[in-house]
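**Student:** Requesting a structural model of the entry that follows:
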Amino acid sequence: MPRTRIKICGLTREADVAAAVEAGADAVGLMLWSGSARAITPARAKALAAALPPFVSPVLVMVNPSADEVQRAVDAVPHALLQFHGDERPGQCEALAAGRAFIRAVRMAEGVDLVAEARRYHAARALLLDAFAPGYGGAGKVFDWSRIPHDVPSPVVLSGGLNPANVTDGVSRVRPWAVDVSSGVESAKGVKDAALMRRFCQAVREADDRIAAAAAR
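**Tutor:** Modelled structure (predicted):
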């Protein structure tokens, strides 16, 4: 059975990067949007990404960035995956990415057609599904997972209000390609809790084990 990937987002400290890697994260999100409480500079992103071992990916999270902002970000962390989390249209995402791999966030407002969104953003490597909230980001809220159809023609990253207590259920019900967590493993905004990150990753692996066991019956 496929292994669910884990992205821990909004890291700001070297110690938290090390703890996320030790917990089992496959990717770490580095927030480059100045409107976030977890915002860091490209220079800071470079320093944090330098602490990552091979096969753990940095993800640069941006909201409605200019071409210059994207360029500064990728100059700082050339091997990063890009995540567009604002109002960027498909053509804008492709132009800003300039051939680089990117993820497109979809805010799950009422009436969102995920199949249509996946077709619109066909160049995205995956769609990250977040709760709809004022501003950008899900504000730590869970949306109704039953609104995710099974025939989305794109890998799905489940986000929005996940934590160690609910992620096993989320993975079991949605079967996403990956999960994304930020506030659900924090002791304060931008400060990750090593124990919560370990519990979160263990809960994802528990869900994978349950799915594999059910498939083997």
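
**Student:** Now do the strands in this structure.
**Tutor:** For the chain, the strands defined by DSSP state E occupy 5-9, 27-31, 57-62, 81-84, 102-108, 126-131, 156-158, 178-181, 186-188, 191-192.

**Student:** tally of neighbours for residue 150?
**Tutor:** Residues lying near residue 150 (other C-beta atoms under 10 Å) number 6. (Each C-beta comes from the backbone N, C-alpha and C, glycine too.)

**Student:** Tell me who's in contact with it.
**Tutor:** Listed by C-beta atoms under 8 Å, 6 or more residues apart in numbering, residue 150 has no contact partners.

**Student:** Apply 10 Å and report the result again.
**Tutor:** Contacts here follow C-beta atoms under 10 Å, 6 or more residues apart in numbering; on that basis residue 150 touches 174-175.

**Student:** I'd like the distance between it and residue 162.
**Tutor:** Distance, residue 150 to residue 162, using C-beta to C-beta, to the nearest Å: 20 Å.

**Student:** Pass me the low-pLDDT residue ranges in the chain, would you?
**Tutor:** When residues are selected by pLDDT under 70, those of the chain lie in 1, 135, 137-139.

**Student:** bridging residues for the most centrally placed residue in it?
**Tutor:** Centroid-nearest residue in the chain, with C-alpha atoms, centre = their mean: residue 180, separated by 4.1 Å. Per DSSP bridges, the residues bridged to residue 180 are residue 7.

**Student:** Is it in contact with residue 131, as I believe?
**Tutor:** No. The criterion here is C-beta atoms under 10 Å, and residue 180 misses it with residue 131 at 11.6 Å.

**Student:** residues near residue 97, how many?
**Tutor:** Residue 97 has 20 neighbours, counted by other C-beta under 10 Å.

**Student:** hang on, I meant residue 3
**Tutor:** 12.

**Student:** Does it touch residue 212 like I think?
**Tutor:** Yes. The criterion here is C-beta under 10 Å, and residue 3 meets it with residue 212 at 9.5 Å.

**Student:** Which residues are in contact with the residue nearest to the centre of the chain?
**Tutor:** By C-beta under 10 Å, 6+ apart, residue 180 lies in contact with 5-10, 27, 29, 59, 61, 83, 103, 105, 128-130, 138, 157-160, 162.
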